[in-house]
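Enquirer: pasting a predicted model and its sequence here:
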Amino acid sequence: MLKANAHEGSEVRSAILAVGQRIMSGKGFSAVGLNEILSAASVPKGSFYHYFGSKDAFGEALLDSYFTAYLAEMDDLLVASGLPVAQRLMAYFASWKDNQSFADCQGKCLAVKLAAEVADLSEAMRMALDAGTSGIIARLTAALEHGVADRSVRIDGSAASVAASLYQQWLGASVMVKIVRSTAPFDDAMAVTRQLLHLP
């Protein structure tokens with residue numbers, strides 16, 4: 001019975017996080033009240049405070065959950081067997097473009113949506129963002145090092161600095177896409193990425 005309750009509790013917590021991610025990816029953190037999330041998740045308010053001590057604690061858990069899933073997907077994509085690293089990297093950025101739609105990202109652009117907003121609101125959420133983005137850059141760094149080794153990419157400077165530049169380029173492009181309501185900034189980011197990797 002205890003195992004069933006623990007499993008049920010985990011499902012409720014996951015459901016709250018999934019609904020919160022979908023709604024906040026569209027509206028932001030401050031604009032969304034707990035009642036909206038709980039109503040959409042069909043969960044009573046008391047259950048929320050059983051799993052999360054506050055809205056800020058929920059935001060931290062939301063970002064942790066988002067980055068855990070994101071980094072797992074990134075790992076799957078970047079370790080695809082039988083492909084040169086250059087192809088894996090370009091597939092990753094193509095996936096970024098596909099998922100970061102300015103119209104409806106369906107919960108896949110949470111970090112882009114919340115980065116500037118919550119970094120000044122909560123130190124815990126800022127640290128969660130820092131840890132998650134550091135994980136992304138670390139994976140890009142490792143991929144670039146392997147790409148140099150298999151000679152599918154060439155870079156000027158260290159893999160770490162190029163990885164950070166790539167991430168910043170794509171993060172900025174994601175923001176611009178929302179401003180101009182066009183995917184043109186992603187096309188520019190892709191062109192810059194090819195230049196940085198010395199790809200045709």
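Expert: Everything's here; your move.
Enquirer: gap between Leu63 and Pro200?
Expert: 37 Å (Cβ to Cβ, to the nearest Å). Using the backbone N, CA and C atoms, a C-beta is placed for each residue, glycine as well.
Enquirer: meant to ask about Ala173
Expert: 21 Å.
Enquirer: repeat for Leu140
Expert: 21 Å.
Enquirer: these two - which one has more neighbours?
Expert: Using other Cβ atoms under 10 Å as the criterion, Leu140 and Pro200 rank with Leu140 on top: 24 against 3.
Enquirer: so that one, which of the three states?
Expert: helix (DSSP: H, G, I helix; E, B strand; the rest coil).
Enquirer: pLDDT wise, what is the residue lying closest to it once chain neighbours are set aside at?
Expert: Spatial nearest neighbour of Leu140, excluding adjacent residues (Cβ to Cβ, 6 or more residues apart in numbering): Ala163 at 3.7 Å. pLDDT, Ala163: 98.
Enquirer: ok, now which ones touch Ala163?
Expert: 137-138, 140-141, 143-144 (Cβ atoms under 8 Å, 6 or more residues apart in numbering).
Enquirer: any idea which of the residues you listed is closest to Ala184?
Expert: Nearest to Ala184 among the contacts of Ala163 is Leu140, at 23.1 Å by Cβ to Cβ.
Enquirer: check contacts around that closest one.
Expert: Counting by Cβ under 8 Å, 6+ apart, Leu140 has contacts 89, 163, 166-167.
Enquirer: for it, give its distance to Asp56.
Expert: 29 Å.
Enquirer: of the contacts of Ala163, buried ones?
Expert: 137, 140-141, 143-144 (16 or more other Cβ atoms under 10 Å).
Enquirer: mind putting those residues in JSON lines, distance to Ser30 and pLDDT included?
Expert: Below are these laid out as JSON lines (distance: Cβ to Cβ, whole Å; pLDDT from 0 to 100):
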{"residue": "Ile137", "distance to Ser30": "27", "pLDDT": "98"}
{"residue": "Leu140", "distance to Ser30": "30", "pLDDT": "98"}
{"residue": "Thr141", "distance to Ser30": "33", "pLDDT": "98"}
{"residue": "Ala143", "distance to Ser30": "35", "pLDDT": "96"}
{"residue": "Leu144", "distance to Ser30": "36", "pLDDT": "97"}
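Enquirer: CSV for those, including distance to Met190?
Expert: Shown next, in CSV, are these (distance: Cβ to Cβ, whole Å):
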residue, distance to Met190
Ile137, 18
Leu140, 15
Thr141, 20
Ala143, 16
Leu144, 16
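Enquirer: residues near Gly53, how many?
Expert: Gly53: 12 neighbours (other Cβ under 10 Å).
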